[in-house]
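In: Sequence and predicted structure are below.
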Amino acid sequence: GGVVSYLAGIMNGVPDGGSADLDTSDGKDVSGRLVVRPFTKLPEGPLRGLGLALSGSTGRQIGASALPTFRTQSLEQPYFSYSGASADGVRNRYSPQAFYYYKAFGGFAGYVQTGTPIRKGAVRGEIAHDAWQIAASYVLTGEDATDAGVGVRPARSFDYGGGHLGALQFAARYHTLSVDEEAFTLGFASPGSSRKADA
């Protein structure tokens, strides 16, 4: 009935921040997400658009290709990478999230942590990557904000000649990522890597 939804799957096991259409290794991740919208059955009211979610994955990952290279979002400039190190065990991820949609307003907050055993020669350590974000949006043309896959549905279709601009939404986000200090003290990080990035 829309109050609880869940997803589960077996994935190829890409590194943090990665995306892949091809299966490049034998390592797989078991992934899942649980979403609870406790007030979605209410006919109206400000609590109806509140939701909480928890997602995570776990899987054995081995080799240098299982480790991420973090890049800036706009110019794709690398700011952190590993040098001579390899993933060496079970990688675990977890991510609690909260979202809220009411009339034209939409908000989202999320945190994610990844923990991966990493080895470089005889040195081995459990290294974590932590990230969080907060985002908000407002539909300036008055339509309801939504997290539905179809997005905001314009009240009037775009017709520049007729003076209709469709739907216009303003959004802002702040996010940060930090890498475990042990990645540097144990010598896993490439020279010149940054420990933290904000945007």
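Out: Alright, I've got the coordinates.
In: Could you use CA atoms for every contact and neighbour count after this?
Out: Will do.
In: Without its sequence neighbours, what residue ends up closest to Ala135?
Out: Arg173 (4.2 Å; Cα to Cα, 6 or more residues apart in numbering).
In: which SSE is the one you found in?
Out: strand 169-179 (DSSP states H and E).
In: Need the residues that contact that strand.
Out: 127-141, 195-199 (Cα atoms under 8 Å, 6 or more residues apart in numbering).
In: are any of those residues buried, and which?
Out: Using 16 or more other Cα atoms under 10 Å as the burial test, these include 127-134, 136-139, 195-197 as buried.
In: if we can go back for a sec, please work out how many residues are found near the residue nearest to Ala135.
Out: 13 (other Cα atoms under 10 Å).
In: Relative to Val30, how far out is it?
Out: Distance, Arg173 to Val30, using Cα to Cα, to the nearest Å: 29 Å.
In: Then Asp21?
Out: Counting by Cα to Cα - Asp21 and Val30 are separated by 17 Å.
In: one step back: would you mind checking which of the buried ones among the contacts of strand 169-179 is nearest to Gly187?
Out: Nearest to Gly187 among the buried ones among the contacts of strand 169-179 is Ile127, at 11.7 Å by Cα to Cα.
In: Run through who's touching the least confident helix or strand in the chain by mean pLDDT.
Out: The weakest-scoring helix or strand in the chain, judged by mean pLDDT, DSSP states H and E, is strand 164-165 (a mean of 82). With contacts defined as Cα under 8 Å, 6+ apart, strand 164-165 is touched by 156-159.
In: Can I get these in JSON lines including secondary structure, neighbour count and distance to Ser190?
Out: Listed next are the contacts of strand 164-165 as JSON lines, based on DSSP: H, G, I helix; E, B strand; the rest coil; neighbours: other Cα atoms under 10 Å; distance: Cα to Cα, whole Å:
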{"residue": "Arg156", "secondary structure": "coil", "neighbour count": "12", "distance to Ser190": "52"}
{"residue": "Ser157", "secondary structure": "coil", "neighbour count": "11", "distance to Ser190": "51"}
{"residue": "Phe158", "secondary structure": "strand", "neighbour count": "13", "distance to Ser190": "49"}
{"residue": "Asp159", "secondary structure": "strand", "neighbour count": "10", "distance to Ser190": "52"}
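In: now these as TSV including pLDDT and distance to Asn92?
Out: Shown next, in TSV, are the contacts of strand 164-165 (pLDDT from 0 to 100; distance: Cα to Cα, whole Å):
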residue	pLDDT	distance to Asn92
Arg156	87	45
Ser157	87	45
Phe158	86	45
Asp159	87	49
